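Visitor: next one to model:
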Amino acid sequence: MSHLDRDTPSIESQSRNMTIIWGALIASLFAYLMVLCFTLEAGDIPSDEDLELVGLLTKIFLAVAVLEVFAIFWLRRNFSRKVTNRKFASPHQVQNNYFTLGLIVWSLAEGIAIYGFILSLLAIDLFYFLAFAAPALLVMLATPPRLRAVMDDYERSGDMPEEVTPPSSQQSTDDEDFESDEIW
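Guide: Prediction:
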């Protein structure tokens, strides 16, 4: 039994763990909403400084959130290409990398909602949270854990014929002498 065999949970176990994490992160969006509903006092008015900060932060957070959404889908597409092109050494490596990818993607999506949470606290207005939490929730729902499907894609990609490469020329050159570890 190799080191990877001992440390890599079964696909079913890993899939269950990913689903629990994904579900907990989605639930946390609703927990943020509840905290804001109980924290924000009707009639409170933010200071002019806070409103100025909210205006600046809204622009910054919006730009970062858009970049995060693009990064999320780029990371997933890049991973998918690596799976179908057999860039991973083993199924265990695919499984472990997919787990890590899920954590990264869902954390980035969660961050988008947190931007809205911060803005809502500063502006004393629930609108900001809802405006950021809605796309965060959509991203979370668009990226559920699908470990079994990824592993099936990896297995199917192994059935594809390997690329045939022409044999390298056997010409000897003086440059070959310099490839050794010897000091010349």
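Visitor: where does pLDDT dip in the protein?
Guide: Residues of the chain that meet the criterion pLDDT under 70 lie in 1-8, 159-184.
Visitor: please repeat the previous calculation with a cut-off of 80.
Guide: Residues of the chain meeting the criterion pLDDT under 80: 1-9, 42-43, 158-184.
Visitor: most centrally placed residue in it?
Guide: residue 105 (1.8 Å; CA atoms, centre = their mean).
Visitor: right, and that residue touches residue 75 too?
Guide: Yes. Between residue 105 and residue 75 there is a contact under CB atoms under 8 Å: 6.4 Å. Any C-beta I mention is one placed from the backbone N, CA and C, and that applies to glycine too.
Visitor: backbone dihedrals for residue 44, please?
Guide: Backbone torsions of residue 44, given as degrees, to the nearest 10, read phi -70, psi 140.
Visitor: same question for residue 124.
Guide: Per-residue torsions, residue 124: phi 50, psi 50 (degrees, to the nearest 10).
Visitor: does it touch residue 46 like I think?
Guide: Yes. At 5.0 Å, residue 124 and residue 46 qualify as touching, with contact defined as CB under 8 Å.
Visitor: neighbour-wise, which of these two wins?
Guide: residue 124 (20 against 15; other CB atoms under 10 Å).
Visitor: contacts only, for that one.
Guide: With contacts defined as CB atoms under 8 Å, 6 or more residues apart in numbering, residue 124 is in contact with 40-41, 44-46.
Visitor: distance of residue 38 from residue 47?
Guide: Look at residue 38 and residue 47: by CB to CB, to the nearest Å, they are 22 Å apart.
Visitor: one more: residue 91?
Guide: For residue 91, the distance to residue 47 equals 56 Å [CB to CB].
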